[in-house]
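Undergrad: everything below, folded, please.
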Amino acid sequence: MAASRTLSSLRLPPLPTVGELLKLYRLRAKKQLSQNFLLDLKLTDKIVRRAGDMKNAHVCEVGPGPGGLTRSILNAGATDLLVVEKDSRFIPGLKMLSEAAPGRVRIVHGDILTYRVDRGFPASISKPWEEEPPNLHIIGNLPFSVSTPLIIKWLEDIANKTGPFSYGRTQLTLTFQKEVAERLTASTGSRQRSRLSIMSQYLCTVHSCFTIPGRAFIPKPEVDVGVVHFTPLVTPQIQQPFKLVEKVVRNAFQFRKKYCHKGLEKLFPESRCVELTEEMMETADVDPLLRPTQLTIPNFRAIANAYAQLCTREPDLLGYDYRDALRLKHLNRESSSQTQALMDVSEGRESHL
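TA: This next block holds a predicted model:
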């Protein structure tokens, strides 16, 4: 009963609705920022419930916009809410929420891609990596344009135990375009299996919470939205540096409909790609005729380990990027064409003379 009274005392006083705030401050979604506002507080409450117990929690909300999700986080009992908002138009409305919840809301006008979350909360909330996650949550209704680069950035932070994960195994509850949400949670062999599937699942337990229909947003996006929850694993399923794993996975998936060895050959210089790929796949004991979507995380672990062995033996391999080689080849071809053209012009002048 006492806990119930404590939670009720944290609930916000009566405020203008989110829709009324949009009208009050004449706010409209910016298409170039891929903004879509979620005004239904029942849905924002549902997102927060899926994030976990917010009572006395520390929370970082990404892109609060007009503050619908912000209200649900505060009403659920969070006592320290840090909101990071890039669009200055939303700051006055967020300040109104801050005044309605004295001492509980901190507003950062900045870009979450560059903001140092590791400096945003007291060190005292940290938990050892092997223990339960800290009482810190990251929640956000992400603009589509930032969702994929942001989750890749945070996955790298998880691998390195930096950023929000310097406090321990901080949990994430985020929205994504439905197709991206399906990729993040896709199982081996499924049509949506992708680079994102492997990169997220080798580092986290990834759970699809529910889907929000596009019509619930203003303006209505052309797609539905998926809510996804991430809990970092105590031990990653692949014990190699993030950049190495990402390189292997990215190359494997670049030819989705071909045998996996076709993409993996791009890890190596053209003159030796067949030889080194055969050695790598043999060491990994993985069938090179599997499609990328058929590769399991243990398969990728074996391939990454075999690739790391080759890079230890031949350090130049790690820095090799076939895209750089392609660009160089293209530049050389252009240079040769220009040289030939100049020679042709010169020869034409000489014959004319």
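
Undergrad: is it true that residue 61 lies in a strand?
TA: Yes: counting by DSSP: H, G, I helix; E, B strand; the rest coil, residue 61 is found in a strand.

Undergrad: partners of it in the sheet?
TA: residue 83, residue 139 (DSSP bridges).

Undergrad: how near is it to residue 108?
TA: Distance, residue 61 to residue 108, by CB to CB, to the nearest Å: 10 Å. Placement of C-beta: from N, CA and C, glycine included.

Undergrad: what do the two both touch?
TA: 82-84 (CB atoms under 8 Å, 6 or more residues apart in numbering).

Undergrad: more crowded one of residue 61 and residue 108?
TA: Between residue 61 and residue 108, counted using other CB atoms under 10 Å, residue 61 has the larger neighbour count: 27 against 18.

Undergrad: where does the chain dip in pLDDT?
TA: The chain contains residues with pLDDT under 70 at 1-9, 13-35, 325, 328-353.

Undergrad: let's go with 80 and repeat that
TA: For the chain, applying pLDDT under 80 flags the ranges 1-37, 218-221, 325-353.

Undergrad: look up phi and psi at the residue minimising distance to the centre of it.
TA: Per CA atoms, centre = their mean, the C-alpha nearest to the average position across the chain is that of residue 151, at 1.1 Å. Note on residue 151: its backbone torsions stand at phi -70, psi -30 [degrees, to the nearest 10].

Undergrad: do the one 4 residues further on as well
TA: In this entry, residue 155 is assigned phi and psi values of phi -60, psi -40 (degrees, to the nearest 10).

Undergrad: and stretch 154-172, what's buried?
TA: By 16 or more other CB atoms under 10 Å, the buried positions in stretch 154-172 come out as 154-159, 163-172.

Undergrad: outline the domain layout of the protein.
TA: Following automatic domain parsing, the chain resolves into domains at 2-232, 242-320.

Undergrad: can you give me the helices in the stretch 101-250 of the chain?
TA: Per DSSP state H, counting those that start in this stretch, the stretch 101-250 of the chain has helices spanning 144-160, 178-185, 195-201, 242-252. These are given in chain order.

Undergrad: how about these in a markdown table, adding distance to residue 307?
TA: Listed next are the helices of the stretch 101-250 of the chain as a markdown table, based on distance: least, CB to CB, whole Å:
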| stretch | distance to residue 307 |
| --- | --- |
| helix 144-160 | 16 |
| helix 178-185 | 23 |
| helix 195-201 | 14 |
| helix 242-252 | 6 |
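
Undergrad: just name the most buried of those.
TA: With neighbours taken as mean count of other CB atoms under 10 Å, those reach their highest mean count in helix 195-201, at a mean of 23.

Undergrad: ok, residues contacting stretch 189-204?
TA: Contact with stretch 189-204 is made by 148, 151-152, 155, 158-159, 179-180, 182-187, 206, 230-233, 236-238, 245-246, 249-250, 253, 256, 292-295, 297, 300-301, as judged by CB under 8 Å, 6+ apart.

Undergrad: at 6 Å instead, please
TA: Residues outside stretch 189-204 that contact it (CB atoms under 6 Å, 6 or more residues apart in numbering): 155, 158, 182-184, 186, 206, 230, 232, 236-238, 249-250, 253, 293-294, 297, 300.

Undergrad: likewise for stretch 96-113?
TA: With CB under 6 Å, 6+ apart as the criterion, stretch 96-113 contacts 12-13, 15, 62, 67, 70, 74, 79, 81-84, 86, 91, 94.

Undergrad: hey, C-alpha coordinates of that stretch in CSV?
TA: Provided in CSV are the C-alpha atoms of stretch 96-113 (Å, rounded to 0.1, in the frame of the first residue of the first chain):
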residue,chain,number,x,y,z
MET,A,96,6.7,22.3,-18.9
LEU,A,97,6.9,18.6,-18.1
SER,A,98,10.1,19.2,-16.0
GLU,A,99,8.3,21.9,-14.0
ALA,A,100,5.4,19.5,-13.4
ALA,A,101,7.8,16.9,-12.1
PRO,A,102,10.3,18.9,-10.0
GLY,A,103,13.8,17.4,-9.7
ARG,A,104,12.9,14.4,-11.9
VAL,A,105,13.6,15.6,-15.4
ARG,A,106,16.9,16.8,-17.0
ILE,A,107,16.8,18.1,-20.5
VAL,A,108,19.7,17.9,-22.9
HIS,A,109,19.4,19.8,-26.2
GLY,A,110,21.7,17.6,-28.3
ASP,A,111,22.2,14.7,-30.7
ILE,A,112,22.1,11.3,-29.2
LEU,A,113,24.6,10.0,-31.7
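
Undergrad: show me which parts of it are buried, residue by residue.
TA: 97-98, 101, 104-105, 107-108, 112.

Undergrad: narrow those to those in strands?
TA: Of the buried residues of stretch 96-113, the ones assigned to strands by DSSP state E are 105, 107-108.

Undergrad: possible to save those residues as TSV with distance to residue 225?
TA: Listed next are those as TSV, based on distance: CB to CB, whole Å:
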residue	distance to residue 225
105	25
107	25
108	24
